[in-house]
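**Q** Next input, structure requested:
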Amino acid sequence: MTIRSKRFKRLEPLQVLILVFGCFILIGAALLKLPFATTEEIGWIDALFTSTSAMTVTGLVVVDTGQAFTLFGELVIASLIQLGGLGIMTFAVITFMMLGKKIGMKQRLLVQQATNQNSPGGVIRLVKTIFLFSLTVEAIGMIILAFRWVPELGVKDGLYASFFHSISAFNNAGFSIWSDSLMGYVGDPVVNIVISALFIVGGIGFTVLDDLVRTKRLRSLALHSKIMLIGTLVINVVAMFGFLFLEFHNPNTLGDLTMSEKLWSSYFQGVTTRTAGFNSVDIGAIGTGTAFLMFVLMFVGAGSTSTGGGIKLTTAVVIILAAFTFLKRKSDPVLYGRTIRKEVVLKSLTISIMSILLVYLSIFILVQTENADVNAIIFEAVSAFGTVGLSMGLTGDLSQVGRIVIIFLMFLGKIGPLTLAFSLAQPDRSRIRYPNEDLLTG
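**A** The predicted model follows:
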């Protein structure tokens, strides 16, 4: 056994996941740099940016996907989206099972970390469910979209557009083969409903979907599932009517649309902001108030064990609940008759603080390197971290340094700043305990 293989075996599961994830991004960049992958020559940074954006299911693009890449290049992007959305370990486990290989404890621990589960028990069954469910939903989405796009685009182009957008939507990637994303279908009920249904289902989280399948009564759902379902409904409704109210008279977005188109666009843009990244109106033309609303939605993101990013909805709910618990002078946060452990509160606070610091540092660097409006820079950074993919038009004009910053933001936004910190930090095995002392705060 070589020294390198011994070192690899000593790596923690989180370190292995980050290493494998990074390797696939580099492989994707190399494939996209091949001459037959593009219609025009692109630089290594642009290839790496596109590969990272696809693998992290973000959707930010520095070159036009439909114009700059050939069919081969677009299929590479679709494959990276599928890998990044469902998780590398999901495909690894499925491959192991197809080859008849035994899945040991180390592999189960890797899957546990990849799917963000609390224990390795039941993760293999969850992986099977994720894989089969995802392929089924994507196939259904493709078939329905084909009925809409085949008559308009022809059999070949219609089927391909349905295939690509179904994968991109379910995995919350936001990539489109059209330069204006879905702006051409701003008032189309079929496209709006199918695409949004795909990314909402993908963004709820596989744990919730598995719980819904196995639980016969809604009251018996796990606390996480209840928070995700109710929270998703509430935040989507608020986002929809918030966008409608703020952009109703804006001539560059909703102002010149019919009432029906305004409602469809507000619904679609409200729910896609969470992490999907598609747009049916010009995001660069939105008002400052709408941009700030989107900042919050993108930062919060989707659900744990989902194809989406952000700090996650449950994290935000726990922090808000903990704050109200303190204000009410209660000792423990309680929701739906269940006490939330202090470890969960501390983890949620840590994720949020580290994420805020990471985004702030990135914005600080981008302000120095980019000649752009501050709102556009903040929007770009939050969108990259939340793996959303929406942009106010800055992405293509980013400097080389700016592109590298956004690449790191997308990568860290996908794996999570806490995951990176845990992978680098050594566990504290010291048994020394120090005396308590009060600290003045506030």
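**Q** gap between residue 256 and residue 247?
**A** Distance from residue 256 to residue 247, counting by CB to CB, to the nearest Å: 11 Å. From N, CA and C alone the C-beta is placed, and that goes for glycine too.
**Q** Neighbour count for the two, which is higher?
**A** residue 247 (24 against 10; other CB atoms under 10 Å).
**Q** check contacts around that one.
**A** Residues near residue 247 by CB atoms under 8 Å, 6 or more residues apart in numbering: 253, 254, 255, 266, 281, 286, 287, 290.
**Q** Quick one: name whatever helix or strand follows the host helix or strand of residue 207.
**A** In the assignment (DSSP states H and E), residue 207 maps to helix 206-214. Per DSSP H and E, the first helix or strand lying C-terminal to helix 206-214 is helix 223-247.
**Q** Helix 206-214 and that next one, what's the angle between them?
**A** 120 degrees (axes from the mean of the first three to the mean of the last three CA atoms, to 10 degrees).
**Q** Please renumber the chain so that the first residue is 7 from this point on.
**A** New numbering, starting at 7: the last item is helix 229-253.
**Q** Other residues contacting the helix or strand following helix 229-253?
**A** Where DSSP H and E defines the elements, the next helix or strand beyond helix 229-253 is helix 265-278. By CB under 8 Å, 6+ apart, the surrounding residues in contact with helix 265-278 are 180, 188, 192-195, 198, 201-202, 205-206, 242, 244-250, 253-254, 259-260, 263, 284-287, 303, 396.
**Q** Show me what counts as buried in the helix holding residue 213.
**A** Residues of helix 212-220 classed as buried by neighbour count (16 or more other CB atoms under 10 Å): 212, 213, 214, 215, 216, 217.
**Q** go on, stretch 333-348?
**A** For stretch 333-348, using 16+ other CB under 10 Å, the buried residues are 339, 346.
**Q** Could you do stretch 42-59 as well?
**A** Going by 16+ other CB under 10 Å, stretch 42-59 has these buried residues: 43, 44, 48, 51, 52, 53, 54, 55, 56, 57, 58, 59.
**Q** related to what we said a few turns ago, selecting buried members of the contacts of residue 253 in PyMOL, what would you type?
**A** PyMOL command restricting those to the buried ones, with burial defined by 16+ other CB under 10 Å:
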select buried, resi 259+260+272+287+292+296
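**Q** from the contacts of residue 253, which two are the most distant?
**A** 272 and 293 (13.5 Å; CB to CB).
**Q** For residue 246, which residues are in contact?
**A** Under the criterion of CB under 8 Å, 6+ apart, the neighbours of residue 246 are 272, 273, 276, 277.
**Q** Redo the residues you listed as TSV? Include pLDDT and distance to residue 361.
**A** What follows is the contacts of residue 246, written out as TSV (pLDDT from 0 to 100; distance: CB to CB, whole Å):
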residue	pLDDT	distance to residue 361
272	95	27
273	95	27
276	91	22
277	91	22
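**Q** Out of those residues, flag the one nearest to residue 223.
**A** For the contacts of residue 246, the nearest to residue 223 is residue 277 (27.0 Å; CB to CB).
**Q** burial measure for the closest one, as a count.
**A** Neighbours around residue 277, by other CB under 10 Å: 26.
**Q** swap in residue 279?
**A** Residue 279 sits with 30 neighbouring residues when counted by other CB under 10 Å.
**Q** State the distance from it to residue 397.
**A** Counting by CB to CB - residue 279 and residue 397 are separated by 12 Å.
**Q** ok so, going back, export the contacts of residue 253 as a markdown table, with columns for distance to residue 328.
**A** Formatted as a markdown table, the contacts of residue 253 follow (distance: CB to CB, whole Å):
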| residue | distance to residue 328 |
| --- | --- |
| 259 | 36 |
| 260 | 37 |
| 261 | 41 |
| 272 | 32 |
| 287 | 36 |
| 292 | 32 |
| 293 | 33 |
| 296 | 29 |
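**Q** Name the member of the contacts of residue 253 with the shortest distance to residue 154.
**A** Of all the contacts of residue 253, residue 287 has the smallest distance to residue 154: 19.7 Å, by CB to CB.
**Q** Which helix or strand contains that closest one?
**A** Going by DSSP H and E, residue 287 is not part of any helix or strand.
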